Each structure stands twice: as structure tokens, then as C-alpha cells.
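Colleague: Structure for this input, please:
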Amino acid sequence: MSIMERPESVRWSAARSGAALFSLERFVLRRNAGGLFGRLPFLPNLALRSLLHAGVILVINAGADWLMSGQFMVVGSIDFLFSLGLVVVGNLLFSVNDLLGPGTLFAFATGRYYEPRIEERALLFIDMRSSTAIAERLGELMSAIVAKRLVEHLER
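Modeller: Predicted coordinates:
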């Protein structure tokens, strides 16, 4: 049965998929909220999130087909590849937006940064007491890890 022959079930399936993916993203995977994959590097994080989203889409669609028709329908490979492509592109955009900061990717895409403009920015310098002595004692790698943990702690 094609998509055009079942428009209402497709709409409900899309609505369920969207609600499930939004809930998954907002409450489980959110990097800023210390999500499930928050400590992974960018590419493994993107791959795991995309696979998890694709799995949710398959489960929701299979469940919707079973509820609507009483039987499981096979998801075609083209449908799955299309869904996977959309999930990867969407996750890529959201992940890059998280890395750059809220709204920065949108501002760049809309041309806000093509022309110089004056903006007010705040800059915070953090001076840890005895940081030079601590860094010399810990070494370069450990002192960078300590500084990173301090910034992560202050961001919460």
C-alpha cells in the first residue's frame, strides 16, 4: 500500500514518530542536560543518536501499522534510507548548533555574519588560586582536564 493510499495513518504515524523523537531528544539525549551520550566525541555521538532515532522511527511505524491494520508491514528499504537520511541530516544540524551555541548556526546560515557589525559580548576570565603551581605539578594533560572540569562545573 502506498503512502498516498493511506494518508490518515501516515499522518498519525508521523505525529507519533515526531512526539517520540522530541521526547527522546529533550529528556534523554540532550547533551546540555548531561544526556546519555554527552561525553562521547562528536562523530560517535552523531552516529549513535542517528541510529537510535532511526530505530524509534521503525518501531513507531511498525506499531502504527499493526494498530491500524492488525498486521505488521515490512518497511521498504527506500523508506528506511529516506528516514535515515533525514535523521542524520537533522541530527547533524542540531549537533553543530549545540557546539556553536544557540542560534549561531541559524545566524550564519541567514547571512548575519557576512557584514561586520558591532555586538556586545561578555567575557569571563577565571583565575584559579595557585593555578601555575598546580599546572606545573600536574603536567599539561592533567591541568587541561582540571580546567575543563572546572568550566563544566561552572556551566551547570
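Colleague: In the protein, where is pLDDT below threshold?
Modeller: Counting by pLDDT under 70, the ranges of the chain that qualify are 1-17, 26-39, 72-76.
Colleague: make it 50
Modeller: Per-residue confidence for the chain (pLDDT under 50) gives these ranges: 1-4, 33.
Colleague: Which residue ranges make up the domains of it?
Modeller: 3-109, 122-156 (automatic domain parsing).
Colleague: Which strand or helix spans the residue of the chain positioned farthest from its centre?
Modeller: For the chain, the largest distance from the centre (Cα atoms, centre = their mean) belongs to Ala133, which lies 38.7 Å off. For Ala133, the host element (DSSP states H and E) is helix 131-138.
Colleague: Could you name the helices and strands sitting against that helix?
Modeller: Helix 131-138 is packed against helix 140-155, with contacts defined by 3 or more Cβ pairs under 8 Å, 6 or more residues apart in numbering; DSSP states H and E. Placement of C-beta: from N, CA and C, glycine included.
Colleague: related to what we said a few turns ago, would you format the domains of the chain as TSV with distance to Glu115 included?
Modeller: Shown next, in TSV, are the domains of the chain (distance: least, Cβ to Cβ, whole Å):
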stretch	distance to Glu115
domain 3-109	12
domain 122-156	23
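Colleague: Give me the buried stretch members for stretch 69-89, please.
Modeller: 83-84, 87-88 (16 or more other Cβ atoms under 10 Å).
Colleague: Which secondary structure elements does the longest helix belonging to the chain sit against?
Modeller: Longest helix of the chain, by residue count under DSSP state H: helix 42-69. Judged by 3+ Cβ pairs under 8 Å, 6+ apart, helix 42-69 is in contact with helix 7-24, helix 77-100.
Colleague: Okay, buried residues for it please.
Modeller: Under 16+ other Cβ under 10 Å, the buried positions of helix 42-69 are 45-46, 49-50, 52-54, 56-58, 60-61, 64-65.
Colleague: between that helix and helix 77-100, what angle do the directions make?
Modeller: Angle, helix 42-69 to helix 77-100, by axes from the mean of the first three to the mean of the last three Cα atoms, to 10 degrees: 140 degrees.
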